[in-house]
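1. Next come a sequence and a model predicted from it.
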Amino acid sequence: MTNAVLLNNVEHCDLRVRTGRSAELGDDVWYALTFPLEFRALQGQYPIFFQRDASTGAFFPLVLLGLEPGENLYLNNDQWAASYLPLTVRREPFLIGRQHFVEDGVQKTRRVIHIDLDSPRVSREQGEPLFLEYGGSSPFLDGVSDMLEAIHQGIEQSEKFIRALQIHGLLEPFTMDVTLNNGTINQLKGFYTIDEPRLRALNGEDLSELHRAGFLEAIYMVLASQSQVRRLIDEKNRRSVHD
């Protein structure tokens, strides 16, 4: 559960956010949401797959961080072992909210920043300050605002991307059994990937349509990223030796 409230410079004037990386701060997650605008930065370091929301049936892309729940193989001695951090990981403990207001008699909506006060990242003693002495936003908070806007735009594009994949029947479920050097088996299931035979069978008009929308590149980024599963297996093997 989260305790998300609208951030303001009166009640939260002295709040700080701890930006380190550790399980204590909530980084012990085995996947993180992502979106096509981020695929280029991710694909050389993380495997990208898809999952389906059990309650809504909606698909969403994600980066795989571990081979089982609660395991983040990129987290090593409180350091993140990759040069790029997924934006949905970086944005913690902030969330995008909507605020309704009336301007010139017209009801309007604007995006605002919420903060999860129950997050272990929120502190009054440690971390980056959110506000300046006289109430203005800190450079850190300005950066958070830009990041949340990028996530918002990315998710909007992601919904169109997923629709295009479904229209062309390009999502398929898969199961992967990973046998470690010590003989233990991890099974990845409940994830989806790109149906490569179906992709190769698309006609020129369909491929052109995907290309014009900017989705064809994203599809190939997903496929290229999946070689990074080997990185997860190697790290899991390394850790199993030291356990």
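-> Happy to help now that I have it. Numbering: from 1, shown residues only.
2. which residues in this protein form strands?
-> 4-6, 16-17, 31-33, 48-52, 59-64, 75-76, 79-80, 94-103, 106-116, 122-123, 128-129, 171-179, 185-194 (DSSP state E).
3. These: which one's closest to residue 87?
-> Minimum separation from residue 87 across the strands of the chain (C-beta to C-beta) falls at strand 31-33, 8.8 Å. Placement of C-beta: from N, CA and C, glycine included.
4. Find the residue closest to the residue sitting nearest the centre point of the chain in space, skipping its chain neighbours.
-> Geometric centre of the chain, nearest residue: residue 33, 2.9 Å, by C-alpha atoms, centre = their mean. Spatial nearest neighbour of residue 33, excluding adjacent residues (C-beta to C-beta, 6 or more residues apart in numbering): residue 88 at 4.6 Å.
5. The one you found touches residue 151, doesn't it?
-> Yes. With contact defined as C-beta atoms under 8 Å, residue 88 reaches residue 151; the gap is 6.5 Å.
6. Give me the more crowded residue out of those two.
-> residue 151 (24 against 20; other C-beta atoms under 10 Å).
7. Against residue 91, how distant is the more buried one?
-> 6 Å (C-beta to C-beta, to the nearest Å).
8. which phi and psi does residue 86 have?
-> phi -50, psi 140 (degrees, to the nearest 10).
9. who's in contact with residue 13?
-> 131, 135 (C-beta atoms under 8 Å, 6 or more residues apart in numbering).
10. what's the answer for residue 61, then?
-> Residue 61 sits next to 33, 34, 35, 36, 39, 48, 49, 50, 158, 161, 162, 222 when contact means C-beta under 8 Å, 6+ apart.
11. one step back: please give me every residue in contact with the residue nearest to residue 33.
-> 32, 33, 34, 151.
12. likewise residue 228?
-> Residue 228 is in contact with 43, 44, 45, 46, 47, counting by C-beta under 8 Å, 6+ apart.
13. Of the residues you listed, which pair is most distant in space?
-> Greatest spatial distance in the contacts of residue 228: 44 and 47, 10.9 Å, computed using C-beta to C-beta.
14. Identify the contacts common to the two.
-> In contact with both residue 44 and residue 47: 225, 228, using C-beta under 8 Å, 6+ apart.
15. Comparing the two, which residue is more hemmed in?
-> Between residue 44 and residue 47, counted using other C-beta under 10 Å, residue 47 has the larger neighbour count: 24 against 14.
16. Am I right that that one is in contact with residue 229?
-> Yes. Using C-beta under 8 Å, residue 47 makes contact with residue 229 at a distance of 4.8 Å.
17. Pull up the overlap in contacts between the two.
-> residue 64.
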